[in-house]
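1. coords please:
(chains A, B, C and D)
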2 protein chains.
Amino acid sequence: MALTRDDVVDAAVDLLAEVGLEGLSLRRLARELGVSAPTLYWHVADKRTLLDHVAERLLVDQWQVTPLAPGEDWAEWLRERATRQYRALVTHRDAARVLAGNRPTEAAMPAVEQVLGTLVGAGFAPTEAFAAIQAVGNLVIGSALEYQAERERDAGHHGDPAAHDPVRFPQHAALAAVLADRPGHGADHDALFRHGLDLMIAGLRVQQAGAVARTG
Amino acid sequence: MALTRDDVVDAAVDLLAEVGLEGLSLRRLARELGVSAPTLYWHVADKRTLLDHVAERLLVDQWQVTPLAPGEDWAEWLRERATRQYRALVTHRDAARVLAGNRPTEAAMPAVEQVLGTLVGAGFAPTEAFAAIQAVGNLVIGSALEYQAERERDAGHHGDPAAHDPVRFPQHAALAAVLADRPGHGADHDALFRHGLDLMIAGLRVQQAGAVARTG
DNA sequence: CCCCTCCTCTAACGGTGTTAGAGACGCTAC
DNA sequence: GTAGCGTCTCTAACACCGTTAGAGGAGGGG
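-> Numbers count the residues shown, from 1 in each chain, chains lettered A, B, ... in the order given. Below you'll find the predicted structure:
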């Protein structure tokens, strides 16, 4: 059986998980597939577009349409969706970086359409709903990026954190003191993301309350 | 006069503005400086650390300490700071991408210390203040990244936006209809960022109100 | 005069994405 | 049966990349 583009993308996803974005070269990918490098160009236009396909593959599970249940809180529903997206990014090596340089894909449209509809149904104006989606999306990708960047950094060498002059930086020192009493003992990025998402959703709640009050 | 590391970083910033991150190679940079490529390794350990220095240079103006004026609203003050950071990223080509892959730099600490102090002064717990900084930062970088990614995409070819089946995607169609009546006619990323930042700050306001109520 | 440090050089290694162009396999039409 | 054609893969090569080894010139201090 001849090679398929799906085969190439699958192998790229696997290789990405194994060696990271830096290690993902077309030659290496070709070797993994038992094929010569230029062969890949028959299946894929570009490395850039190959990565587009990879990004789509990484997120496609997460674009399933799960409508708001009757009586369900739209904000909780949105939080759940955003969290899933974050998880999908964070659990695949370098997924955030791959997604960041990406063209948006057609395949995400039904999911966006659904969120748009749900928010409009909750009382948001269409432009507000769109801005909300964008804002949450940007927060998600920014958080995932930061998380994975730090993980990669610490893979090299991690200097002792929070060992700074408590006179010049009393706030940092106070923070470090509080954090030292915690089980995890370090910055828990998942909790940090959750906190940020909570803030955003709280903001959406007040905006929605205002919109509902205006329109009746 | 011999070459300085500052000279190298300066030239790298200029070259980045001119040719973008893809075009920024050590050989090209050396040529710009009238020097051979390996020479750069005397001034800089690595391309990676060179980019660290570039990122620091791009943001350093924006780390000036401007304390909260007496009677000034902490939320407005924070919004102003975040907006400046966003501006700094967006006005330098590929700045967001450079910053994304970066180690955090020592030079940012006084600024972080100051924001931390201001938020704690406003009633936030230290961990809350830290999470807030992180959240706003992630939103800023995510937004800047998205903005610049789209700008780069459209530099190539931009297919007509929002030309989609209004039956399958009624919400998109409605949104496009509203947007068509606007002066800019396209998605205004600055406004989108401002909207997202407003949401986050609204969330911070309710959190702060809660914290103040708890602690008296 | 010698040494030493600063700074720059040439040459080269092993990699990268990508293109040109030839050729093998299998199906279809005559 | 064979000629043609689309599909898929190959080898060879181009122009670049980050990076290292190691030599050497310039200038000051002993």
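
2. could you tell me the angle between the longest helix along chain A and helix B:126-156?
-> Secondary structure assigned by DSSP state H gives helix A:126-156 as the longest helix of chain A. Relative orientation of helix A:126-156 versus helix B:126-156 (axes from the mean of the first three to the mean of the last three Cα atoms, to 10 degrees): 110 degrees.

3. and helix A:126-156, is it in reach of chain B?
-> Yes. For helix A:126-156, a contact with chain B is found by Cβ under 8 Å from any Cβ of the partner chain, at A:126-132, A:134-135, A:137-143, A:145-146, A:149, A:153. For every residue, glycine as well, the C-beta is placed using N, CA and C.

4. packing partners of that helix?
-> With contacts defined as 3 or more Cβ pairs under 8 Å, 6 or more residues apart in numbering or on different chains; DSSP states H and E, helix A:126-156 has these neighbours: helix A:74-90, helix A:95-100, helix A:109-121, helix A:189-215, helix B:126-156, helix B:170-180, helix B:189-215.

5. so which of these is the most surrounded?
-> Stretch with highest mean neighbour count among those: helix A:95-100 (a mean of 25; mean count of other Cβ atoms under 10 Å in any protein chain shown).

6. what is it packed up against?
-> Partner elements for helix A:95-100 (3+ Cβ pairs under 8 Å, 6+ apart): helix A:5-23, helix A:47-59, helix A:74-90, helix A:126-156, helix B:95-100.

7. and those: which comes nearest DNA strand D?
-> Among the helices and strands packed on helix A:95-100, the nearest to DNA strand D by Cβ to the nearest atom of the strand is helix A:5-23 (8.4 Å).

8. buried residues in that closest one, which are they?
-> Neighbour-count burial for helix A:5-23 flags A:8-9, A:11-13, A:15-16, A:19, A:21 (criterion: 16 or more other Cβ atoms under 10 Å in any protein chain shown).

9. among these, which one sits closest to residue A:104?
-> Minimum distance to residue A:104 across those is 17.4 Å, recorded for residue A:9 (Cβ to Cβ).

10. look up how far DNA strand C lies from that closest one.
-> 14 Å (Cβ to the nearest atom of the strand, to the nearest Å).

11. not counting sequence-adjacent ones, nearest residue to that residue?
-> Nearest non-adjacent residue to residue A:9, counting by Cβ to Cβ, 6 or more residues apart in numbering or on different chains: residue A:53, 4.6 Å away.

12. so who does the closest residue to residue A:94 other than its chain neighbours touch?
-> Ranked by Cβ to Cβ, 6+ apart and with sequence neighbours excluded, the top spatial neighbour of residue A:94 is residue A:21, at 4.1 Å. By Cβ atoms under 8 Å, 6 or more residues apart in numbering or on different chains, the residues touching residue A:21 are A:93-94, A:97-98.

13. pLDDT at residue A:21, what is it?
-> Model confidence at residue A:21, given as pLDDT, is 97.

14. quick one: furthest residue from the center of chain A?
-> Centroid-distance maximum for chain A: residue A:167 at 37.4 Å, with Cα atoms, centre = their mean.

15. helix, strand or coil for it?
-> Taking DSSP: H, G, I helix; E, B strand; the rest coil as the rule, one finds residue A:167 in the coil state.

16. any low-confidence regions in chain A?
-> Along chain A, segments meeting pLDDT under 70 span A:1, A:154-163, A:184-187, A:216.

17. residues of it that sit close to DNA strand C?
-> A:24-28, A:37-38, A:41, A:46-48 (Cβ under 7 Å from any atom of the strand).

18. between the residues you listed, which has the most around it?
-> Within those, most neighbours by other Cβ atoms under 10 Å in any protein chain shown means residue A:24, with 22 neighbours.

19. now the nearest residue to residue A:211 once chain neighbours are set aside: phi and psi?
-> Excluding the flanking residues, the one nearest residue A:211 by Cβ to Cβ, 6+ apart is residue A:123, at 4.9 Å. When read as degrees, to the nearest 10, the backbone of residue A:123 gives phi 120, psi 0.

20. before we move on, the earlier item: residue B:74: which of the helices and strands packed on helix A:95-100 is closest?
-> Smallest distance to residue B:74 across the helices and strands packed on helix A:95-100 (Cβ to Cβ): 20.9 Å, for helix A:126-156.

21. near DNA strand D, anything from the closest one?
-> No. In terms of Cβ under 7 Å from any atom of the strand, no part of helix A:126-156 sits within range of DNA strand D; the closest distance is 12.6 Å.

22. quick one: that helix to helix A:109-121, angle?
-> Going by the same axes, to 10 degrees, helix A:126-156 makes 120 degrees with helix A:109-121.

23. export the contacts of residue A:21 to a markdown table and tack on distance to residue A:79?
-> Output for those, formatted as a markdown table (distance: Cβ to Cβ, whole Å):
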| residue | distance to residue A:79 |
| --- | --- |
| A:93 | 25 |
| A:94 | 25 |
| A:97 | 25 |
| A:98 | 25 |
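
24. how many other residues sit next to residue A:63?
-> With neighbours defined by other Cβ under 10 Å, the count for residue A:63 comes to 19.
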